[in-house]
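Novice: sequence unknown, structure follows:
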């Protein structure tokens, strides 16, 4: 039965099986399902074929009987060749060079050809069913998705995250990596250079440690790099030379991460670099790209690489929890501990911790469903993909509300944005609709300027090669989430290119910590009376409300949480920190919240360990404290400042 579908253009002029001026796809003109998909294929093929009705075009092709028309669609190319069924569809799609591989597979791989024809016969025999599925999964209008607005929002959002990352490092850079910092870059560069001295010249060190800081490690250069990053990020936000700006941001941030261990090794740093690297090829390679129809077309290959990254990020986050064998996750009790054991809780964390046990278990189950099942729908038809994006975004918003995970969740929300398209953002596109209509009126007056495609080198050589490389390199980290070692031939490129962090592994909280240990640094002039140094953000004073600081990241405070999970031998930087405090290093002391000695360094310093827990509502009502704590003992031996 025909359906009410948009009318498709019908060919009524003379057509011949002999060479013809245009390619022609002939369908059943009374089948709404056929019209819908033929129009969709026409968009994919860039309008390089016409659509004809077998009822009207049949008399023009006496060589083709009505029985043959009824059996399958027909594609007639400009050379007069006639193709049927699945091959006809592939021939029509291959008019867009991106889909040439379909014809190659069909001709060169017989199992693919037989499967394609079998699928075509199933669909053709059940058109009513598949028409309803089309309406369900794709909606009323079956159109090729536009992603111009998505790209614009994505790149501006990425620029804002880069801006936050560079700006948040400015007050911390000298205290962490300066000449008087906890882990001076100059000292790190000297050690690496000595280790690589026997292997060759300067290029060797750039290959193993890709960083601009090989040229200089002075405090001035450290700060100049950050401010250059701020300027490049602003250019990316305002859409001036976005590809160049993205490349500069990537190189500068990679330079900091390459020499910034252990303070620059977090998963959001890796994610920012991976997203930033792809952005170099996602952004237009123009100085002033323009907007709307005058902007260069985005690469859909990069869109799919971002979706693949989102899948790996979310799916691996669930897999590492299951493959770790942690009983806390297996028993759905993780949220009994998570809110107070996370590195830096926020004000909502205390209240979330008080929620009933059944709700915490429900939340764990929901989290596993969203991270383990929903990511597969990223590759599903349009409406299912939109729904998957909505659920993934919902999870990120909840994490933002209940914790301080810097810009990690904001980066994930940007990836979720690639699940949608411009049509799905009608509420936002309406802000530009009037402007685009005015342009269209001018176009109709005779000055229309079509969208120029990306240059050949980028679209047909660089991006396909990039897609193969990134997809291949992502296999090893994804397999590693299952605690499985990849064969050497799989992880070969990861070993050669891993230092550039263009593909990374992900998965937080594989094992849920059930206790919160806090390191408190104390100083003394006499070795008897000890006064604590307060950090700005991590738990210390039990009466202080947990702060809201994300997307800013206090890297020293974060690293103190990781140090508490081990011992001081595994965290030599913590001894450096205490040594700098004894020296009275101003850049380091500025990283701390309160100096009990008012700028006069103590003679002795030590680190002791406490067990921290959130107070109950009753305890909080009685004492006003958000935390309760119990002394566990010393973390490292007492250090003494020797008089000169």
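Specialist: That came in fine, so what should we check first? Owing to the predicted nature of the structure, the values given are computational and were not obtained by experimental measurement.
Novice: switch to C-alpha atoms for all contacts and neighbour counts from now on
Specialist: Fine.
Novice: any low-confidence regions in this structure?
Specialist: Scanning the chain for pLDDT under 70 picks out 1-20, 200-201, 291-295, 427-455, 643-644.
Novice: tell me the domain ranges of it?
Specialist: According to the domain assignment given by automatic domain parsing, the chain is divided into the following structural domains: 23-138, 149-500, 516-640.
Novice: which of the ones you listed sits closest to residue 510?
Specialist: Nearest to residue 510 among the domains of the chain is domain 149-500 (4.3 Å), distances taken as C-alpha to C-alpha.
Novice: rewinding a little: mind checking which of the domains of the chain is nearest residue 507?
Specialist: domain 149-500 (4.0 Å).
Novice: how about the strands in the chain?
Specialist: Along the chain, counting by DSSP state E, strands occupy 23-27, 49-53, 74-76, 82-84, 516-524, 531-532, 534-535, 592-594, 604-614, 627-640.
Novice: how about the domains of the chain in a markdown table, adding distance to residue 509 and mean neighbour count?
Specialist: A markdown table is the format used below for these (distance: least, C-alpha to C-alpha, whole Å; neighbours: other C-alpha atoms under 10 Å):
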| stretch | distance to residue 509 | mean neighbour count |
| --- | --- | --- |
| domain 23-138 | 35 | 18 |
| domain 149-500 | 7 | 18 |
| domain 516-640 | 12 | 18 |
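Novice: those into JSON lines, with extra columns for distance to residue 506?
Specialist: Converted to JSON lines, these look like this (distance: least, C-alpha to C-alpha, whole Å):
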{"stretch": "domain 23-138", "distance to residue 506": "31"}
{"stretch": "domain 149-500", "distance to residue 506": "6"}
{"stretch": "domain 516-640", "distance to residue 506": "17"}
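Novice: if we can go back for a sec, residue 191: which of the strands of the chain is closest?
Specialist: Taking C-alpha to C-alpha as the criterion, strand 627-640 is the member of the strands of the chain that comes nearest to residue 191, at 24.9 Å.
Novice: what residue is smack in the middle of the chain?
Specialist: If you average the C-alpha coordinates of the chain and look for the closest C-alpha using C-alpha atoms, centre = their mean, you land on residue 415, 4.6 Å from that point.
Novice: so it touches residue 307, yeah?
Specialist: Yes - in terms of C-alpha atoms under 8 Å, residue 415 counts as a neighbour of residue 307; the distance is 6.8 Å.
Novice: from the middle of its chain, how far away would the longest helix along the chain be?
Specialist: For the chain, the helix that runs over the most residues, judged by DSSP state H, is helix 300-323. In terms of C-alpha atoms, centre = their mean, to the nearest Å, the centre of helix 300-323 is set 8 Å apart from its chain centre.
Novice: contacts for that helix next, please.
Specialist: In this structure, residues lying in contact with helix 300-323 by C-alpha atoms under 8 Å, 6 or more residues apart in numbering are 275, 278, 281-282, 329-330, 368, 371-373, 375-376, 378-379, 412, 415-416, 418-419, 463-464, 467, 470-471, 478, 481-483, 505-511.
Novice: and residue 212, how far is that from residue 559?
Specialist: Taken as C-alpha to C-alpha, to the nearest Å, the spacing of residue 212 relative to residue 559 amounts to 25 Å.
Novice: do the same with residue 299
Specialist: Note on residue 299: its distance to residue 559, by C-alpha to C-alpha, is 38 Å.
Novice: swap in residue 416?
Specialist: Computed with C-alpha to C-alpha, the distance linking residue 416 and residue 559 is 28 Å.
Novice: repeat for residue 602
Specialist: Using C-alpha to C-alpha, one obtains 23 Å as the distance from residue 602 to residue 559.
Novice: same check on residue 377?
Specialist: Distance of residue 377 to residue 559, given as C-alpha to C-alpha: 36 Å.
Novice: got a list of what the residue nearest to residue 357 when sequence neighbours are not counted touches?
Specialist: In space, and not counting its chain neighbours, residue 357 is closest to residue 336: 7.4 Å by C-alpha to C-alpha, 6 or more residues apart in numbering. Residues in contact with residue 336 (C-alpha under 8 Å, 6+ apart) are 353, 357, 360.
Novice: how about the contacts made by residue 299?
Specialist: Residues counted as contacts of residue 299 (C-alpha under 8 Å, 6+ apart) are 282, 459.
Novice: so residue 116 makes contact with residue 86?
Specialist: Yes - taking contact to mean C-alpha under 8 Å, the distance of 6.0 Å between residue 116 and residue 86 places them in contact.
Novice: shared neighbours, the two?
Specialist: With C-alpha under 8 Å, 6+ apart as the test, residue 116 and residue 86 reach no residue in common.
Novice: one step back: just the ones of the contacts of residue 336 in helices?
Specialist: Secondary-structure check on those using DSSP H: residues within helices are 353, 357, 360.
Novice: from residue 321, how far off is the second one?
Specialist: Which is residue 357. According to C-alpha to C-alpha, residue 357 stands 20 Å off from residue 321.
Novice: try the last one
Specialist: Distance of residue 360 to residue 321, given as C-alpha to C-alpha: 16 Å.
Novice: figure out the length between the terminal residues of stretch 616-636.
Specialist: Terminal residues of stretch 616-636 lie 31 Å apart, using C-alpha to C-alpha.
Novice: wait, residue 102 sits on residue 88?
Specialist: No - counting by C-alpha under 8 Å, residue 88 is not a contact partner of residue 102; they are 11.0 Å apart.
Novice: my guess is residue 123 meets residue 130, correct?
Specialist: Yes - the criterion here is C-alpha under 8 Å, and residue 123 meets it with residue 130 at 6.7 Å.
Novice: overlap in contacts of the two?
Specialist: Common contact partners of residue 123 and residue 130 (C-alpha under 8 Å, 6+ apart): none.
Novice: in the stretch 151-300 of the chain, mark out all the helices, start to finish.
Specialist: Ranges of helices in the stretch 151-300 of the chain, per DSSP state H, counting those that start in this stretch, are 173-177, 185-196, 202-208, 219-237, 242-259, 267-282, 300-323.
Novice: please identify which of these is closest to residue 495.
Specialist: Comparing the helices of the stretch 151-300 of the chain by their distance to residue 495 (C-alpha to C-alpha), the top pick is helix 202-208, with 10.8 Å.
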